[in-house]
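>>> sequence first, then the predicted structure:
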Amino acid sequence: MERRQFIQHAGLAGILAAGIAPAVRAESPAIRWRLASSFPKTLDTIYGAAETFAAKVKDMSGGKFEISVHPGGELMPPFGVVDGVQQGTVECAHTAPYYFFGKDETFAMDCAIPFGMNSRQMNAWYYDGNGLSLFREFYKTYNIVNFPMGNTGAQMGGWYRKDIKTLEDIKGLKMRIGGFGGKVLERIGGVPQNIPGGEIYQALEKGTIDATEWVGPYDDQKLGFQKVAKNYMYPAWWEGGPQLVLYVNNKAFDGLSAENKAIIQAASTYAHVEMQAKYDSRNPKAIKELIAEGVQLQQMPKDIMDAAFKASEELYAELSEKNANWKKIYADFSAARRDMNQWFRVTEFGFDSYMQSQKL
């Protein structure tokens with residue numbers, strides 16, 4: 001019997017019995033990762049970026065790559081996620097890098113430093129400048145691969161139990177302030193406190209702290225700060241465009257196929273854009289509601305801004321003298337910030353200042 005006739009008439013059992021193996025496309029094994037967030041689940045914007053990311057990864061992989069998202073404190077403390085990723089306890093984490101400036105001040109620059117960049121400038125520096133490549137090199141020593149994953153836009157300057165009218169009012173003020181901004185607050189007389197988001201309300205209510213900042217109207221209203229402090233200030237000179245970041249363990253990332261690596265990049269970028277879209281869309285309604293509740297909106301006094309700016313510049317010069325990582329990245333960061341601010345003064349500021357003076 002000819003081979004063609006044999007195959008035509010024999011069943012699968014006959015083919016296998018004859019030792020003729022049909023071509024079979026191997027299925028990729030399912031991937032299951034865990035993501036540790038630094039944020040409470042109640043904040044659907046900042047915590048929600050990780051959920052958006054995980055949903056996109058699952059969709060783009062046809063359900064073969066799933067990432068479970070865990071709020072701060074569930075798998076590890078909110079400020080323990082870098083160690084968790086570095087050690088491979090979890091495959092990835094979503095956080096604000098400036099929480100970890102105690103490891104190296106350079107972490108803060110990957111999120112926000114006082115009088116740094118706004119969100120569009122951070123995107124430009126990261127995606128078309130040297131920001132991403134410089135931080136990829138920096139994070140290698142922590143076994144981490146980093147991806148931008150969210151930005152809040154310029155934040156509010158916080159909630160205060162008493163009126164803040166001059167620099168003198170900052171003296172001795174105990175304030176919860178995220179990350180690196182506390183180093184500058186301390187230089188102008190304040191007493192910084194680093195408290196996770198889920199624990200701030202109780203500290204403000206009990207008077208353990210005199211003031212706090214978080215993000216802006218939408219999140220702050222959810223956290224209920226207006227119930228225990230009525231003075232709401234703007235802007236946050238320490239957070240002009242804070243960037244959130246996805247940290248991935250480098251061994252876990254290297255173990256992915258090229259397709260799944262591309263999925264991680266695409267999904268994190270989608271979540272990056274969506275987070276700020278949510279804040280920009282939801283903050284306007286929230287600020288109106290807060291004012292209707294009796295919240296007093298106040299602009300940060302100029303003498304405080306000037307003192308903080310001077311202290312920031314002095315701090316950055318000192319760090320450039322003693323921290324090689326900081327010096328290398330800050331040189332590029334500050335040059336990009338200078339050039340983009342010159343350009344934004346011509347275009348963005350001119351357009352925005354006119355539009356904001358009109359009755360719409």
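That came through fine.

>>> which regions of the stretch 151-300 of the chain lie under the pLDDT threshold?
Counting by pLDDT under 70, the stretch 151-300 of the chain shows no low-confidence range.

>>> where do the helices sit along it?
For the stretch 151-300 of the chain, the helices defined by DSSP state H, counting those that start in this stretch cover 181-187, 200-206, 217-223, 250-254, 258-292.

>>> residue 353 is nearest to which of those helices?
Using CB to CB as the measure, helix 258-292 is the one of the helices of the stretch 151-300 of the chain that comes nearest residue 353, at 18.1 Å. Placement of C-beta: from N, CA and C, glycine included.

>>> so what does that closest one touch, helix or strand wise?
helix 48-60, strand 144-151, helix 217-223, strand 243-249 (3 or more CB pairs under 8 Å, 6 or more residues apart in numbering; DSSP states H and E).

>>> most packed of those?
Comparing these by mean neighbour count (mean count of other CB atoms under 10 Å), strand 243-249 ranks first with a mean of 25.

>>> give the pairing partners of that one; include direction for each.
Using DSSP bridges, strand 243-249 pairs in its sheet with strand 92-95 (antiparallel), strand 144-151 (antiparallel).

>>> distance to residue 68 for these - can I get that in JSON lines?
Below are the strands paired with strand 243-249 laid out as JSON lines (distance: least, CB to CB, whole Å):
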{"stretch": "strand 92-95", "distance to residue 68": "11"}
{"stretch": "strand 144-151", "distance to residue 68": "16"}
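
>>> list the residues that contact residue 89.
75, 76, 83 (CB atoms under 8 Å, 6 or more residues apart in numbering).

>>> before we move on, what about residue 263?
56, 57, 60, 61, 65.

>>> now residue 326
Applying CB under 8 Å, 6+ apart, the residues contacting residue 326 are 104, 105, 106, 109, 316, 319, 320.

>>> do the same with residue 235
154, 155, 156, 157, 300.

>>> again, 6 Å this time
154, 157 (CB atoms under 6 Å, 6 or more residues apart in numbering).

>>> report the central residue of the protein.
For the chain, residue 244 is the residue whose C-alpha lies nearest the centre (CA atoms, centre = their mean; 1.0 Å).

>>> do you know how far that one is from residue 59?
21 Å (CB to CB, to the nearest Å).

>>> ok, residue 279 next?
23 Å.

>>> burial of the closest residue in space to residue 205 that isn't next to it in sequence, as a residue count?
Once flanking residues are discounted, residue 205 sits nearest to residue 228: 4.6 Å by CB to CB, 6 or more residues apart in numbering. Look at residue 228: counted by other CB atoms under 10 Å, it has 16 neighbours.

>>> hmm, residue 204 and residue 228 touching each other?
Yes - the criterion here is CB atoms under 6 Å, and residue 228 meets it with residue 204 at 5.1 Å.

>>> which residues in the chain form strands?
31-37, 65-70, 92-95, 144-151, 158-160, 174-176, 191-193, 211-212, 231-234, 243-249, 296-299 (DSSP state E).

>>> residue 183 is nearest to which of those?
Here strand 191-193 is closest among these (CB to CB), at 7.5 Å.

>>> coming back round to it: ok, which of the strands of the chain comes nearest residue 355?
Nearest to residue 355, of those and by CB to CB, is strand 231-234 at 18.2 Å.

>>> going through the contacts of residue 89, which ones are buried?
With burial judged by 16 or more other CB atoms under 10 Å, the buried subset of the contacts of residue 89 is 75, 76.

>>> what sits against the nearest residue to residue 236 once chain neighbours are set aside?
Using CB to CB, 6+ apart and skipping the chain neighbours, the partner closest in space to residue 236 is residue 155 (4.0 Å). Residue 155 sits next to 215, 216, 236, 239 when contact means CB under 6 Å, 6+ apart.

>>> residue 159 too?
212, 225, 229, 232.

>>> roughly how far apart are residue 77 and residue 71?
Going from residue 77 to residue 71 by CB to CB gives 11 Å.

>>> neighbour count: the two, which is higher?
Taking other CB under 10 Å, residue 77 and residue 71 do not tie; residue 71 has more neighbours (18 against 14).

>>> could you report the neighbour count for the nearest residue to that one once chain neighbours are set aside?
Nearest residue to residue 71 in three dimensions, chain neighbours excluded: residue 41, at 4.3 Å (CB to CB, 6+ apart). Neighbour count of residue 41, defined by other CB under 10 Å: 17.

>>> so what pLDDT did residue 41 get?
Here the pLDDT value assigned to residue 41 is 94.

>>> picking that back up, quick one: which two of the contacts of residue 263 are the most distant?
Farthest-apart pair in the contacts of residue 263 is 56 and 65; separation 10.2 Å (CB to CB).

>>> quick one: contacts for the residue nearest to the centre of the chain?
96, 149, 150.

>>> relative to residue 144, how far out is the closest residue to the first one other than its chain neighbours?
The shortest distance from residue 96 to any residue that is not its chain neighbour, by CB to CB, 6+ apart, is 5.0 Å, and that residue is residue 111. Applying CB to CB, one obtains 14 Å for the distance of residue 111 from residue 144.

>>> still on that earlier bit, what would the helices and strands packed on helix 258-292 look like in a markdown table with distance to residue 343?
Shown next, in a markdown table, are the helices and strands packed on helix 258-292 (distance: least, CB to CB, whole Å):
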| stretch | distance to residue 343 |
| --- | --- |
| helix 48-60 | 28 |
| strand 144-151 | 19 |
| helix 217-223 | 29 |
| strand 243-249 | 20 |
